[in-house]
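K.L.:
Prediction below, plus the sequence it came from.
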Amino acid sequence: MVKNIAFALAGLAGFNAHGAGFLTAASHLHVTPDLVTASSGQIIVLAEWLRGTDLKNLLVGQSSRTGKFSALKVALTGLPGVFMPATVEYWRRWQSLPNSPETLSAHLLPAQVYVPTRSKAYVSGIASILNAATLGGSSVGVVFNAYDPVRGEGILFGNRTAMQLLPNVNLLPITQKAVEAALWLSLYGFENLPNGLMDGAYHRPCVIAELHRFDRIFAVRPLAHGWHGEKPASWFDVQDWQCEMWFTVGYDAEVADIKRINRLIECGALTDARYRKVDLREVLTKHPCGYFNYFSERPEVFQAAYDEAMKKLQEHDGP
């Protein structure tokens, strides 16, 4: 019987529906994790799941957001309640004239493209939900990450239950500022980073390495193994390919030690009792993500994740 179960939710822009589909299946099958890690937008998905929100309706209930043209509209006009174009900020920069080629480029093509619009009350509420996380009357550990781009260091935040389950991991308390930082996209610019931190997915798209003490880990990552679809033929295809490769490399590094120790135990090369096998179960997507898919959620991604999770979780023999 599996004693300790962890979910690891990888955030990736318009693929948050993947994690939402997995969590919805977990609810339907009454599979309760002891701890959940999340990055980027999956932090919101996780909090809303704990709140009892209908995740499918939350993310993909508005069909008008699907399709390339709708995604392009979101990219140009923003996403209500999440971000809006930094138009005012753009023209404000021209109050001071550029005095070098570098400042000219920063005026013409600034790093800040959008402005986050989630209210402080909503973000504070998310922090409260994560701190008090419970399912079926049991406390659930929650961990998410942020990144310090100046020091090049990742930061982990966790609730009280997570600190008890991971006593040897340096976890900072979950606060409103922590959530705000963990949701700060690079397109929001680097001038007003909350406490100097930003979205941790740029550093670690999926937090798994610290979960080696758990018997079973469901790694919920919204990318397939390898490139699916036609070979990159346009500039947009190349941007997507690069993004997928970066996220894939980050994930592979995250699980490398767990897979290596599992292999060494299986072949009898590692017999020290301090090491044991970890049952790592990957829930991947088969849907290729195009450049414009990063701006909107798709119902087919949610459904595919739900169906795959139902299969993987039904095989689960936990308590």
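P.N.:
Structure's in. What do you need?
K.L.:
Now do the contacts for the closest residue to residue 94 other than its chain neighbours.
P.N.:
Nearest residue to residue 94 in three dimensions, chain neighbours excluded: residue 107, at 6.2 Å (CB to CB, 6 or more residues apart in numbering). For the C-beta atoms, the positions are set from N, CA and C on the backbone; glycine is no exception. Residues near residue 107 by CB atoms under 8 Å, 6 or more residues apart in numbering: 93, 94, 98.
K.L.:
Does the last one touch residue 104 like I think?
P.N.:
By that I understand residue 98. Yes - applying CB atoms under 8 Å, one finds residue 98 in contact with residue 104, separated by 4.0 Å.
K.L.:
Moving C-terminal from the longest strand belonging to the chain, which element do we reach first?
P.N.:
Secondary structure assigned by DSSP state E gives strand 141-148 as the longest strand of the chain. Following strand 141-148 in sequence order, the next helix or strand is strand 153-158 (DSSP states H and E).
K.L.:
Which secondary structure elements does the next helix or strand after that next one sit against?
P.N.:
Counting by DSSP H and E, the next helix or strand C-terminal to strand 153-158 is helix 160-165. Under the contact definition 3 or more CB pairs under 8 Å, 6 or more residues apart in numbering; DSSP states H and E, helix 160-165 sits against strand 35-38, strand 141-148.
K.L.:
Please identify the most buried of these.
P.N.:
strand 35-38 (a mean of 30; mean count of other CB atoms under 10 Å).
K.L.:
Look up how far residue 281 lies from residue 72.
P.N.:
36 Å (CB to CB, to the nearest Å).
K.L.:
got it, and residue 254?
P.N.:
Distance, residue 254 to residue 281, by CB to CB: 15 Å.
K.L.:
Buried residues, stretch 237-244. List them.
P.N.:
237, 240, 243, 244 (16 or more other CB atoms under 10 Å).
K.L.:
And the pLDDT for the third one?
P.N.:
On pLDDT, residue 243 comes in at 83.
K.L.:
can you check the second one too?
P.N.:
Note on residue 240: pLDDT of 81.
K.L.:
In this structure it contacts residue 232, no?
P.N.:
Yes - between residue 240 and residue 232 there is a contact under CB under 8 Å: 7.4 Å.
K.L.:
returning to that earlier point: present the helices and strands packed on helix 160-165 as TSV; the columns should include mean pLDDT.
P.N.:
Converted to TSV, those look like this (pLDDT from 0 to 100):
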stretch	mean pLDDT
strand 35-38	98
strand 141-148	98
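K.L.:
Residue 51: which of the ones you listed is closest?
P.N.:
For the helices and strands packed on helix 160-165, the distance to residue 51 is smallest for strand 141-148, at 12.8 Å, taking CB to CB.
K.L.:
report the angle between the axes of that closest one and strand 153-158?
P.N.:
Here the directions of strand 141-148 and strand 153-158 differ by 160 degrees (axes from the mean of the first three to the mean of the last three CA atoms, to 10 degrees).
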